[in-house]
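Asks: Mind folding the following:
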Amino acid sequence: MSILFRRIQPAQRFHINLRYIAHVLKIPLSAIVRVECWAYVLFVHRRDKGGQFISYRTLNRWTRTIARMIQTSPTLEDLMKLGYWIKEEAETFKEKYPPTVLDYWRKLWAERRDELIPFC
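Replies: Numbers count the residues shown, from 1 in each chain. Model (predicted):
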């Protein structure tokens, strides 16, 4: 489990509705029987093909949560740690993060860094 995963704790903190899950899976809402929030993934019981796993990392909520963490970093030191954790996360789970998401986080990180660096 990555440091970001331990900090975010998506299984305990994310409240995801069935309509959103149907949208992510591109299936009708009626095809979902039940959803279980496991520690590392969501398990969706489907009428049409049994079960399917969804990584929390692929959800918009995950992207927004990390963006919020960047924007609210209280100190430059905290922001640097967060940047390191994001870099590790992106290298470990390359297939989960499209370049657009990484670019978005980089932009936010640079903006926050500039806010935290004292002016001379």
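Asks: wait, doesn't residue 70 sit right on residue 112?
Replies: Yes. Residue 70 sits in contact with residue 112 when judged by C-beta atoms under 8 Å, with a separation of 5.5 Å. In short, each C-beta sits where N, CA and C put it, glycine included.
Asks: list residues touching both of the two?
Replies: residue 79 (C-beta atoms under 8 Å, 6 or more residues apart in numbering).
Asks: Show me what residue 46 bridges to in the sheet.
Replies: Residues in a beta bridge with residue 46, per DSSP bridges, are residue 32, residue 50.
Asks: Use 37 as the first number from now on
Replies: In the new numbering, first residue 37, that becomes residue 82.
Asks: Count the neighbours of it for me.
Replies: Counted by other C-beta atoms under 10 Å, the residues lying close to residue 82 total 16.
Asks: any idea how far it is from residue 59?
Replies: 14 Å (C-beta to C-beta, to the nearest Å).
Asks: do residue 85 as well
Replies: Distance check for residue 85 against residue 59: by C-beta to C-beta, it reads 17 Å.
Asks: These two: who's more crowded?
Replies: residue 59 (12 against 8).
Asks: where do the helices sit along the chain?
Replies: Counting by DSSP state H, one finds helices in the chain at the ranges 39-44, 46-49, 54-61, 96-107, 112-128, 135-152.
Asks: Not counting the second one itself, show me its contacts.
Replies: Residues lying outside helix 46-49 but in contact with it, judged by C-beta under 8 Å, 6+ apart, are 73-76, 92, 95, 97-98, 101.
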